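[1] Structure of the sequence below:
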Amino acid sequence: MRTPLPVAVAIVLTLAGCTTGNSSSAPATATLTVAQWTNPGAIEFTKRLNAKFEKAHPGVTVRLQSTATANGAWAQLSNSLLQAKSVDVLARFAPTQGGFPPEYTRIQPAGAAALITAGQLTDLKDQPFMKNYDAATQAAAVGYNGGVYGVMAAGYAAAGAIWYKKDLLAQYGIAVPTTFQEFLDACEKLKKAGKTPIFLSGKVGMQGGIWQGIENQLLMKGREPAESVRVSADRAKAFWDGTQKWTDPIYKEVGARYAKVMQYVVPTASGIDQQTAPGVWAVKTDDYPFLVDGSWDGLTIQQANPKLNLGFFTLPGTDDPAANRVAFKPDLTWVVPASAPHKDLAMQWLAMFSEPENYQEWLKLTGSLSAQPALRNTGLPWMDWLNQHSEGSFTQLTPPWTPAGAPPDAAGPDFYKLAPIGPDSLDTILSRSASAYAKSAGR
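    Next up is the predicted model:
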């Protein structure tokens, strides 16, 4: 699952003398390797699934190997597994369609997209278990040239995602805001009551979630959810052609709204680390009503304070309630490398993962939004708002294509330098980004 600083895990399934049921081609003994980064809930789920897999495959032993992401440990592990051609099921971040720039940009795909275009991943489109998932969502997340090169298993509310303390809001008679102005009014009321309304980790740029939430709502206003992929593609082309730039009025409006929200953020945000932020926020029950953080951190928050009456909603970026919808980010995607030693066993593992009973457990433990149309989001108490607002949700917009080696500013505003976290004004930040992008695109 994706967190700003995710914990990575490699899970090695050692199969000795196993039979594989419907796969007569599988060897009598084999080692099926599944590599995964995850949050604590996903680790727990995988342990449970592995136990079921062992029971269904007599003779299977499961050995777990884990590594952290610090110092590039996860990248090193996953790359070494691919190079050794020893991994059968591998977790990757969904590339989305933004990962496949047109050839005329001369931008080379990276990450999972690079593996797909190089023919290193297996097309899963015709696998029976794929019928459990929404085809359009899977194609948007990991589709390429008519194929679907993975199972996008986890999606989260990320852009504009906000956790809140239900009891604290109720104490001051505040309902979940439905418009941008209502959110500002709630923050102002809480501030006057002596509270610091918003907690976030500015050390790793979580303030960007405020910007992205507002940006997504404004750019998607008046559009159908299915149009989000096209909106992203049209914006990317317009940036590349120079007909749209970071200094356009829409981004100045986003920035102005961002500034209004940021006046209510904890003053020490720049020094707060994401590894500890959810826990610190959870135990401080008499302050910090809101936390800017993705929906993936539900279990972490609940473990830090099991008694917390927890809620979740998406920042309303506009003053039109109908335009303020959930933007979800495709995340953990299971892929099967073309070099997988035991593809038959890999498909059986994915088939077991995809069984509704098992996938429902995955949703409950990870807090993921459901990628299977037949299954609602889980019954976790904090998901009540998400369940009520799941209709109309859309795939989070992707940023414009940016060539490798381009300065960070080219991809959008640098939130570390933008006031109030940093010293620079909005005009300075947007002008710097516009200039950097034009230069990176060869203009």
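[2] Give me the pLDDT for Asn79.
    In this model, Asn79 is scored at 91, pLDDT.
[3] Now it: which helix or strand?
    helix 73-83 (DSSP states H and E).
[4] Pull out the buried positions in that helix.
    Residues Trp74, Leu77, Ser78, Leu81, Leu82 are the ones in helix 73-83 that count as buried (16 or more other CB atoms under 10 Å). Yep, even glycine has a C-beta here, placed from its N, CA and C like the rest.
[5] Of these, which is the nearest to Ala411?
    For the buried residues of helix 73-83, the closest approach to Ala411 (CB to CB) belongs to Trp74, at 22.1 Å.
[6] Please look at the closest one and Leu90 and confirm they touch.
    No: using CB atoms under 8 Å, Trp74 makes no contact with Leu90, being 11.4 Å away.
[7] which outside residues touch stretch 372-381?
    Contacts to stretch 372-381, defined as CB atoms under 8 Å, 6 or more residues apart in numbering, come from residues 132-134, 298, 309-310, 354, 356, 359-360, 363-364, 367, 369-370, 383, 386-387, 390.
[8] can we see that at 10 Å?
    For stretch 372-381, the surrounding residues in contact (CB atoms under 10 Å, 6 or more residues apart in numbering) are 131-135, 137, 153, 166, 295, 298-299, 302, 309-312, 354, 356-357, 359-370, 383-384, 386-387, 390.
[9] Which members of those residues are positioned in strands?
    When these are checked against strands (DSSP state E), the matches are Leu310, Gly311, Phe312.
[10] quick one: which of those residues is nearest Pro289?
    Gly311 (9.9 Å).
[11] and that closest one, how many neighbours?
    Using other CB atoms under 10 Å, Gly311 is surrounded by 22 other residues.
[12] Which residues are in contact with it?
    162-170, 176, 289-290, 381-385.
[13] Tell me where the model's unsure across this structure.
    Scanning the chain with the threshold set as pLDDT under 70 gives 1-29, 38, 62-66, 68-70.
[14] Domains in it, by residue range?
    7-154+331-368, 157-328+395-440 (automatic domain parsing).
[15] Tabulate these in TSV, adding columns for distance to Ala374.
    Below are these laid out as TSV (distance: least, CB to CB, whole Å):
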stretch	distance to Ala374
domain 7-154+331-368	7
domain 157-328+395-440	18
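[16] which non-adjacent residue is nearest Ala346?
    Asp88 (4.1 Å; CB to CB, 6 or more residues apart in numbering).
[17] From what I see, that neighbour and Val336 are in contact.
    Yes: contact status for Asp88 versus Val336: in contact at 6.7 Å, counting by CB atoms under 10 Å.
[18] who has more neighbours, the two?
    Between Asp88 and Val336, counted using other CB under 10 Å, the more crowded position is Asp88 (27 against 24).
[19] how much space between the more buried one and Gly143?
    22 Å (CB to CB, to the nearest Å).
[20] mind listing what's buried in stretch 342-357?
    Buried residues in stretch 342-357 (16+ other CB under 10 Å): 342-354.
[21] Tell me the helices and strands packed up against the top helix by length along the chain.
    With secondary structure taken from DSSP state H, the chain has its longest helix at helix 40-56. Other helices and strands packing on helix 40-56, by 3 or more CB pairs under 10 Å, 6 or more residues apart in numbering; DSSP states H and E, are strand 7-15, strand 30-38, strand 60-66, helix 298-304, helix 343-354, helix 356-366.
[22] pull the CA atoms of that helix into CSV?
    Only the C-alpha atoms of helix 40-56 are listed here, as CSV (Å, rounded to 0.1, in the frame of the first residue of the first chain):
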residue,chain,number,x,y,z
PRO,A,40,0.6,-3.3,8.7
GLY,A,41,-2.9,-4.3,7.6
ALA,A,42,-1.7,-5.7,4.3
ILE,A,43,1.0,-7.7,6.1
GLU,A,44,-1.6,-9.2,8.4
PHE,A,45,-3.8,-10.1,5.4
THR,A,46,-1.0,-11.7,3.5
LYS,A,47,-0.1,-13.9,6.4
ARG,A,48,-3.7,-15.1,6.6
LEU,A,49,-3.9,-15.6,2.8
ASN,A,50,-0.7,-17.6,2.9
ALA,A,51,-2.1,-19.9,5.6
LYS,A,52,-5.1,-20.6,3.3
PHE,A,53,-2.8,-21.1,0.4
GLU,A,54,-0.8,-23.6,2.4
LYS,A,55,-3.9,-25.5,3.3
ALA,A,56,-5.1,-25.6,-0.3
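[23] Many thanks, have a good one.
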